[in-house]
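J.: after the sequence you'll find the predicted model.
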Amino acid sequence: MELSAKTNESDHKVIKVHGGLSMKLNARTSEKIAFALLSLAALIVAGFVLMILAYIIYYGYSAISVEFLTEMPKRMMTQGGIYPAIVGTLILIVGSMAVALPMGIMAAIYLNEYAGENRTTWLIEMAINNLAGTPSVVFGLFGLALFVKYFGFGSSILSASLTLSLLIIPVIIRSSEEALIAVPNEYRESSLALGVSKWQTIRHVVLPAAVPGIVTGSILSIGRVAGETAPILLTGAAYYLTKLPDSIHSQFMALPYHLFVLATAGTNIAKTRPLQYGTALVLLMIVLGLNIIAVLIRRHYRQKLKI
Amino acid sequence: MFNRNHKEKAIESVLFSVSALTVVILLLICLFLFRDSLLLFKDTSLLGFLTGKFWYPTSVNKQFGLLPLLFGSLLVTAGAILFAVPLGIACAIYISEIAHPKVADLMKPFVEILAGIPSVVFGFFGLVVLVPIVQNSFNLPTGQTALTGSIMLGIMALPTIITISEDAISSVPSTLKQGSLALGATRWQTIYKVVIPAAISGISAAVMLGIGRAIGETMTLMMVTGNTAIIPSFPGGILDPVRTMTATIALEMGEVPQGSDHFHALFAVGSVLFIITFLINLIADYIKKRYRFKVD
């Protein structure tokens, strides 16, 4: 028996529903099997995450100590700490966010508050989507060609930070846009009705309401900066340095590249395993910590809105 | 009043200029990648590069053939997509249609964490855990194979596939679902006869973006695929080492003199990669826009 139904929707979509009374039991059984399989899929995905986290935490935990976090690497990186790599990663975060954050938020404000539906807007949206989908190693090549070579910044903190900032601008634009969209239109309308100008409205009404969302998105993009390896590999990360960078024109060490070097090209890969686990754990903790902070901020403000 | 209008206009122009910078950046990426790539084709023909079967960048008779790297990327990506797509879509259906809201809220951070784990950490995990497993279970001389890369890459592509499919599935109007349920269809029948067909454009876009994510991944593959630049056989090659386009760029760029043939060849590989992901993004964008489900 076959039933066909027309919904009340204006799109006149015709939906066919198979099965009748005689097939009811069968349909119930197949539903049970299907739901079990779908739940299994979700379990597998959660399992992957837990497995990777548990493994890195279990093996990395014993490698972490105050010395590990605050000392320079010693003896061709077979001993000692990862202090310069931590510092390098922090500098990259500050450097790239300093450029990407204002730019990303400004672009998001334009797209959500000013842009009309026209060709130019379409072009900008298309560019953002494409930048978001461009592989990080391609950004690395671009950074190498533009910042390192063409502008003559050399292999340096400056080149790497700028390259990373280009990589996260689309991420910040997208999350800031979402935050701005979530601000109810009544806010804007009542402010404008009081004779407040458009920019003043955005500045004093819309932006403050969108700040939690913008902050959450930005925090998540910090994680991205901390973890990216390919772009900095091509634009200024150093294999091994004996001292901390002294200017933005110096090369630098960074956590993800340090882990890569230790795990694949170190002088004694097997012997430095503990250092590798430790570095992976520190990197993971930074990213996880940022994720947790973002979730907490989101939850805090969501509850505030409810009250 | 005039002053204020002036200020408003100025602010709008500044904001517009910053937005337009994204287009400029995209154009600059094209310009700088293609410019350095073109220098390769003074000595090597474009056709020779695109159809060359050998990547011998440092031997006496240098050869810059794209095919081993392209097929390496395609093989690893295909393997990853083969298991990440069904798994990811199933997980998205579970989260948006089946799970209790509280369970769904618990699953979402898992997916976010998976998206946040740096690729070098995935690579490290693959290297110390999965590589020995693959080596032992198939009795191979090395566990650094295309299969190892595919598995790690599949896991990494999951968040993209899950979040975008989930968006598409949850944006299907509930009136459609209720109509189907009211007719006596079971929840599962409703899901696969009504919800999935209605969300299929968003799900296809998710798959495209998952492919884009996979083909552009660098560090993980560099660490687990063995990096041997030979055209992989099919399907046996899945158990051999391969080298992807991305890994080639990251591995070799550090050692080549700037301005050499080899340097330009790596830019040419980067251009091919950029064009591939650009097309994938355009297609995903097109599918999403063209078939966007009309709510209301």
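T.: Nice, I can see it.

J.: so B:E252 is in contact with B:L266, correct?
T.: Yes - contact criterion Cβ atoms under 8 Å: B:E252 and B:L266 qualify, at 6.0 Å. For the C-beta atoms, the positions are set from N, CA and C on the backbone; glycine is no exception.

J.: out of these two, which sits in the more crowded spot?
T.: When neighbours are counted by other Cβ atoms under 10 Å in any protein chain shown, B:E252 and B:L266 differ, and B:L266 comes out ahead with 27 against 19.

J.: quick check: closest non-adjacent residue to that one.
T.: Excluding the flanking residues, the one nearest B:L266 by Cβ to Cβ, 6 or more residues apart in numbering or on different chains is B:I249, at 5.2 Å.

J.: for the one you found, what are its contacts?
T.: By Cβ atoms under 8 Å, 6 or more residues apart in numbering or on different chains, the residues touching B:I249 are A:137, A:140-141, A:234, B:218, B:266, B:269-270, B:273.

J.: so what secondary structure elements neighbour the helix or strand encompassing A:A294?
T.: Using DSSP states H and E, A:A294 sits within helix A:273-306. On a contact count with 3 or more Cβ pairs under 8 Å, 6 or more residues apart in numbering or on different chains; DSSP states H and E, helix A:273-306 meets helix A:24-61, helix A:66-70, helix A:83-109, helix A:207-227, helix A:255-264, helix B:101-116, helix B:119-125.

J.: right, and those - which one's nearest B:L181?
T.: With distances scored as Cβ to Cβ, the stretch of the helices and strands packed on helix A:273-306 nearest to B:L181 is helix A:24-61 (12.1 Å).

J.: buried residues of that closest one, list them for me.
T.: By neighbour count with 16 or more other Cβ atoms under 10 Å in any protein chain shown, helix A:24-61 contains the buried residues A:27, A:30-31, A:34-35, A:38-39, A:41-42, A:45-46, A:48-49, A:52-53, A:55-56, A:59-60.

J.: any idea how far chain A is from the nearest residue to B:L140 once chain neighbours are set aside?
T.: Nearest non-adjacent residue to B:L140, counting by Cβ to Cβ, 6+ apart: B:L239, 6.1 Å away. To chain A, B:L239 is 21 Å away according to Cβ to the nearest Cβ, to the nearest Å.

J.: which residue does the stretch 51-200 of chain B have closest to chain A?
T.: Nearest residue of the stretch 51-200 of chain B to chain A, counting by Cβ to the nearest Cβ: B:P118, 2.6 Å away.

J.: and residue 231, what does it touch?
T.: Answering for chain A, as no chain was given. Contacts of A:P231 by Cβ under 8 Å, 6+ apart are A:136-137, A:139-140, A:143, A:160, A:163-164, A:167.

J.: could you do chain B instead?
T.: B:I231 neighbours (Cβ under 8 Å, 6+ apart): B:53, B:67-68, B:71.

J.: list only buried entries from those.
T.: Applying 16+ other Cβ under 10 Å to the contacts of B:I231 flags B:67-68, B:71 as buried.

J.: with secondary structure and distance to chain A as extra columns, can I get those in a markdown table?
T.: As requested, the buried ones among the contacts of B:I231 are exported to a markdown table (DSSP: H, G, I helix; E, B strand; the rest coil; distance: Cβ to the nearest Cβ, whole Å):
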| residue | secondary structure | distance to chain A |
| --- | --- | --- |
| B:L67 | helix | 19 |
| B:P68 | helix | 17 |
| B:F71 | helix | 18 |
